[in-house]
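> 3D model of this:
(4 chains)
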2 protein chains.
Amino acid sequence: MDNEKAFVRRFFQVGVTQPEKLDMIASHFHEKLIDKYDYFLLEGKTSQEYMLLESGFMRAYSLDTAGNEVTTAFYDAGQPVFDVASFFMHTPSKESIQVLSPCKGWVISFNDLNILFHSIPEFREVGRGILVKGFAALKLRMQSMIKETAEARYAMLLQSNPEILLQAPLKHIASYLGITDTSLSRIRRELSKQHK
Amino acid sequence: MDNEKAFVRRFFQVGVTQPEKLDMIASHFHEKLIDKYDYFLLEGKTSQEYMLLESGFMRAYSLDTAGNEVTTAFYDAGQPVFDVASFFMHTPSKESIQVLSPCKGWVISFNDLNILFHSIPEFREVGRGILVKGFAALKLRMQSMIKETAEARYAMLLQSNPEILLQAPLKHIASYLGITDTSLSRIRRELSKQHK
DNA sequence: CAATCTACTTGCCATATGACAAGAAGTGGG
DNA sequence: CCCACTTCTTGTCATATGGCAAGTAGATTG
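Residues are numbered from 1 along each chain as shown, chains lettered A, B, ... in the order given. As a prediction, the model looks like this:
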């Protein structure tokens, strides 16, 4: 039965070596399936679940003052999925997380996460690592947003996360890069010219 | 003697109630003074200290590909100061943290922080809270960078953190907002016109 | 198979912001 | 008190990107 949770166990094997602890960790996660175009989290609701995504693809987005969707993140298989502010601070989420290809993942509640956090030192190290890495990645993205052209940002995304470009429609990638789909289309044209 | 560390104790009183625990926490922090224009952290070095800033003012910045300074954060009295990636992942810092007005603060090493983290549950809650709040704030800034004009971002900064505008020179504020000092100067002119 | 839809591209023009250079105003050292 | 320095402003012109609208090509549906 716990064998189904092989994915969860593998996820924590990096930091947690004792099988009994992995058992305990795995026992607090529950399977969750979400259909295409359904939501893992809706703007305005308070997030109750922290998810490890085994397969599928999602994006997070929010609305700007003019009502346009701004994609803020993509989630590919293997990644943890959660809205930091809403899940950890119990506040209504400012963004929605939408499934773009059918997802299978493993979720844990805030209380259960805290139980593990306070009882398994290695677990909290892994947990802190996830936060810290996410923070660091966001800082990098921030800087490239400030000081690189949209073309450079696209080229970097192409190099570092090509799988995103294969799975997400252009308009979502565009707003993730901070530009319109029109501009991204033009940027693609320019880049393809250079490759000839 | 521990009375000097009243600032540290006050900082953790929000989450830690028992005096003995506050004693233990305070005992791991050491006073640190930094002169104007000296550095709390230099790009390329691995950060060894996590600081609580009692008084003074700092900014973090890094260099873009063209060699221009990009200010990424301001630190005012009362705030924790550290580079997430370098301090927690023990990697060379990608940014420098420079003192703009003489600072007095309290520092703790990574090892000592971990000792507290693993032995005082309330301490780790506060620690996680700091990370989570910083993460959430950065996300907000990211979104405003994507979907608001520079003028709107400046107006927001003026409203939410006016103390920054009083302490930092215009060029640093400008690069923090993702624009040049020239543009910020023009934006200021426009806004002051409207107030007449 | 026709009728829609959505995704993506392209053209035209508008606009926010950048690059560069010069000037004005304030600051600090000798 | 002067000279160099930094800070901030302003002008001119260049450029990246946006807004809008039209067109093509696939996909979806009845």
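> Check the residue nearest to the spatial centre of chain A and give its pLDDT.
Per CA atoms, centre = their mean, the C-alpha nearest to the average position across chain A is that of A:Tyr75, at 3.6 Å. With respect to pLDDT, A:Tyr75 scores 96.
> right, and it touches A:Met58 too?
Yes: using CB atoms under 8 Å, A:Tyr75 makes contact with A:Met58 at a distance of 4.3 Å. C-beta here means a position set from N, CA and C on the backbone, and glycine is covered the same way.
> what sits in contact with each of the two?
A:81, A:97 (CB atoms under 8 Å, 6 or more residues apart in numbering or on different chains).
> buried set for stretch A:47-55?
Across stretch A:47-55, burial judged by 16 or more other CB atoms under 10 Å in any protein chain shown covers A:47, A:49-54.
> can I get those residues in JSON lines with secondary structure?
JSON lines is the format used below for the buried residues of stretch A:47-55 (DSSP: H, G, I helix; E, B strand; the rest coil):
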{"residue": "A:Ser47", "secondary structure": "coil"}
{"residue": "A:Glu49", "secondary structure": "strand"}
{"residue": "A:Tyr50", "secondary structure": "strand"}
{"residue": "A:Met51", "secondary structure": "strand"}
{"residue": "A:Leu52", "secondary structure": "strand"}
{"residue": "A:Leu53", "secondary structure": "strand"}
{"residue": "A:Glu54", "secondary structure": "strand"}
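> For those residues, name the two members farthest from one another.
By the measure CB to CB, A:Ser47 and A:Glu54 form the most distant pair in the buried residues of stretch A:47-55, at 19.1 Å.
> any low-confidence regions in chain A?
By pLDDT under 70, the weakly predicted segments of chain A are A:1-2, A:194-196.
> got the domain boundaries for it?
Chain A breaks down by automatic domain parsing into domains covering A:2-146, A:148-196.
> what helix or strand is A:Arg10 on?
Take DSSP states H and E as the rule and A:Arg10 turns out to sit in helix A:6-13.
> Which elements pack onto that helix?
Packing contacts for helix A:6-13, counted by 3 or more CB pairs under 8 Å, 6 or more residues apart in numbering or on different chains; DSSP states H and E, involve helix A:19-27, strand A:49-63.
> and among those, the most buried is which?
Of all the helices and strands packed on helix A:6-13, strand A:49-63 carries the top mean neighbour count, a mean of 21, counting by mean count of other CB atoms under 10 Å in any protein chain shown.
> CA-only coordinates of it in PDB, if you can.
Presented in PDB, the C-alpha positions along strand A:49-63 are these (Å, rounded to 0.1, in the frame of the first residue of the first chain):
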ATOM      1  CA  GLU A  49      -2.700  21.800   0.600                       C
ATOM      2  CA  TYR A  50       0.900  21.500  -0.200                       C
ATOM      3  CA  MET A  51       1.400  19.200  -3.200                       C
ATOM      4  CA  LEU A  52       4.200  17.200  -4.700                       C
ATOM      5  CA  LEU A  53       3.400  16.900  -8.400                       C
ATOM      6  CA  GLU A  54       4.100  13.400  -9.800                       C
ATOM      7  CA  SER A  55       2.900  14.000 -13.300                       C
ATOM      8  CA  GLY A  56       1.100  16.700 -15.300                       C
ATOM      9  CA  PHE A  57       1.600  20.400 -15.700                       C
ATOM     10  CA  MET A  58       0.200  23.500 -14.000                       C
ATOM     11  CA  ARG A  59       0.500  27.300 -14.100                       C
ATOM     12  CA  ALA A  60      -0.100  29.900 -11.500                       C
ATOM     13  CA  TYR A  61      -1.500  33.300 -12.500                       C
ATOM     14  CA  SER A  62      -3.100  36.400 -11.100                       C
ATOM     15  CA  LEU A  63      -5.000  39.300 -12.500                       C
END
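> Could you spell out the sheet neighbours of that strand, each with its direction?
The strands beside strand A:49-63 in its sheet (DSSP bridges) come out as strand A:69-76 (antiparallel), strand A:80-81 (antiparallel), strand A:96-109 (antiparallel).
> buried set for the helix holding A:Arg10?
Buried residues in helix A:6-13 (16+ other CB under 10 Å): A:7-9, A:11-12.
> Summarise which helices and strands the longest helix along chain A is packed against.
Counting by DSSP state H, the longest helix found in chain A is helix A:121-147. Helix A:121-147 sits against helix A:19-27, helix A:110-119, helix A:150-160, strand B:69-76, helix B:84-89, helix B:110-119, helix B:121-147, with contacts defined as 3+ CB pairs under 8 Å, 6+ apart.
> And for A:Phe74, the neighbour number?
Counted with other CB atoms under 10 Å in any protein chain shown, the neighbours of A:Phe74 add up to 21.
> again, but for A:Tyr39
By other CB under 10 Å, the residues close to A:Tyr39 number 14.
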